[in-house]
Every structure is written in structure tokens, then in C-alpha cells.
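S.K.: Give me coordinates for this.
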Amino acid sequence: MRILKTWATAFVAIAALAGCGREGGAAATDGEAKAVQVYEVPPAQLQSVQQALDMVLRVDEIGSVTSSGGRLVVLAPSSTQASIDKAIATLSSQQADAGPVGEAPLRLRFWLLAGSSGTGAPDPRLAPLKPALDEASKSLGLQGFTLQGFTDVLISPGKSFNSQAGNFLVDGIANRSTAGVMLSANIQVAQASGNWESLVRTEALLDPGQFLVLSTSTGPDGTMELVVAQAQLPAGKD
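M.R.: Got it, this is the predicted structure:
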């Protein structure tokens, strides 16, 4: 099954860094030597910038980031450092870290759907997803959707999570920022053989409450498969 990446274009820094990954960019190869670069970051943005960089560098397995003396120390392939510099500049221009709000628990919800070109009785369980599915119908020519899997998890921002329900497994990390919820996740489905196969590895920026189609791909039987995600904040934390 084809692995797809959906980059949140609204979050310019993460999109720029994602393009430096092993699948997204030819410059960063497995054999390329890594270099250490130190970056100055405004104190108010230090935590959020470090978290954003860590999400992308970790998921693409191209480097690491730590903080020392109020600066960020980035280990990554030399060819990616220019993009990292640009990403840090973009992130540093955002508003100051949200403080306690950024540490409030998040609920992440994921749906695995099968789309078809034929019409049928709508699944009432998918009624809340209608705006996102209507957009998918227009762009993909689909008329009906069937629920194949669902899982949700309550997480602490900045900490890894793992959530499985039946044949559907999601693991990754998410953080709260002034721009929304930054999600980095690997989504897998169980095959008839019992093996797990990666359906999508994604970085995305979610507006709280929004239903977002993270990926579309073609299943083994030719059926169009979609992954939809939603991030929910605690009451009063919008």
C-alpha cells in the first residue's frame, strides 16, 4: 500500500522541514553526514520551537534537537540546516508559548473509512464528519463511505501516544500551539495475514474541533481508503 504524507501548508515551518525527510527530499539521504548547528531562539518561543522541530526530525529519523543555555542545538544532515534555520525563524515569529493551556490534555480521534462510487444508506455514525466527507466526495468522486475502524485517545501534549482498536492502530505525538494542534502520527492497519502495514505517516496542523482528511489511498481490493482525524480540547480551553 502506498504511504502518503499530508503536510499542513498553513504551518510553513513544519512543511518546510518535512520536505527534507527521507521520502520528501533527495538532499537528505541515509548516508549523508550530520552536522551540529546552534540556533538563537526568543525565550518565549523556545519550548514550542523545540517541540515542533523534534516532531519532524523524529518522524523522518533525520536528526535531533536539544536546548542548552536558552539556545537550540540541532543535529541533522548539513543539507537540511538551511531549511531548519528558515523554520526556526518562522516559528520564532509566532506568539509566545501558551503556558498552562498548552499543557492541557488533548483528545485525538481517528476514523478509517472506505469510500465507494455507489450510493447507499448513509452511516449515522459518520454524520459529524459530513463537512470533511463532502469535500472528499467532490475531489475524489465518491458517493458513500463505510466505517472500517475508529480509535480515540486522551493524551498529554508532547508525550508519545499509542491507540489501537481492532485492525486500526495510531501512534505518534501531538502538541498544542497558538496555531492549533500539531500532530505527528503513524497510522497502521492490520492485514489478513496478521501483519501490520503502514497506511500513512503524517504531520498536520489541526484546528480544534475540525474534521480533517489526513490521507487517501487505494486498498488491496481497489477500494479507496481515507483517514479522518479530529483534535478536541478540554472545555474552556479553546
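
S.K.: alpha carbons only for contacts and neighbour counts from here, please
M.R.: Will do.

S.K.: how is this structure carved up into domains?
M.R.: The record's domain parsing of the chain by automatic domain parsing lists 12-97, 103-232.

S.K.: Pick out the shakiest of those domains, pLDDT-wise.
M.R.: Here the lowest mean pLDDT among the domains of the chain goes to domain 12-97, at a mean of 73.

S.K.: just to revisit the earlier point, redo the domains of the chain as a markdown table? Include mean neighbour count.
M.R.: Rendered in a markdown table, the data for those read as follows (neighbours: other C-alpha atoms under 10 Å):
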| stretch | mean neighbour count |
| --- | --- |
| domain 12-97 | 18 |
| domain 103-232 | 17 |
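
S.K.: Val200 falls within a strand, correct?
M.R.: Yes - the assignment for Val200 by DSSP: H, G, I helix; E, B strand; the rest coil puts it in a strand.

S.K.: I'd guessed Phe168 sits against Gln188; true?
M.R.: Yes - counting by C-alpha atoms under 8 Å, Gln188 is a contact partner of Phe168 at 6.2 Å.

S.K.: middle-most residue in this protein, spatially?
M.R.: Glu203 (2.7 Å; C-alpha atoms, centre = their mean).

S.K.: May I have the beta-bridge partners of that residue?
M.R.: According to DSSP bridges, the partner residues bridging Glu203 are Ser184.

S.K.: How much space separates it from Leu154?
M.R.: For Glu203, the distance to Leu154 equals 19 Å [C-alpha to C-alpha, to the nearest Å].

S.K.: List the contacts of stretch 128-137.
M.R.: Under the criterion C-alpha atoms under 8 Å, 6 or more residues apart in numbering, residues Leu142, Gln143, Phe211, Leu212, Val213 lie in contact with stretch 128-137.

S.K.: Who are the contact partners of the second one?
M.R.: It stands for Gln143. The contact partners of Gln143, by C-alpha under 8 Å, 6+ apart, come to Gly115, Ser116, Ser117, Gly118, Thr119, Ser137.

S.K.: Excluding sequence neighbours, find me the nearest residue to Arg58.
M.R.: Nearest residue to Arg58, sequence neighbours excluded (C-alpha to C-alpha, 6 or more residues apart in numbering): Ser64, at 6.8 Å.
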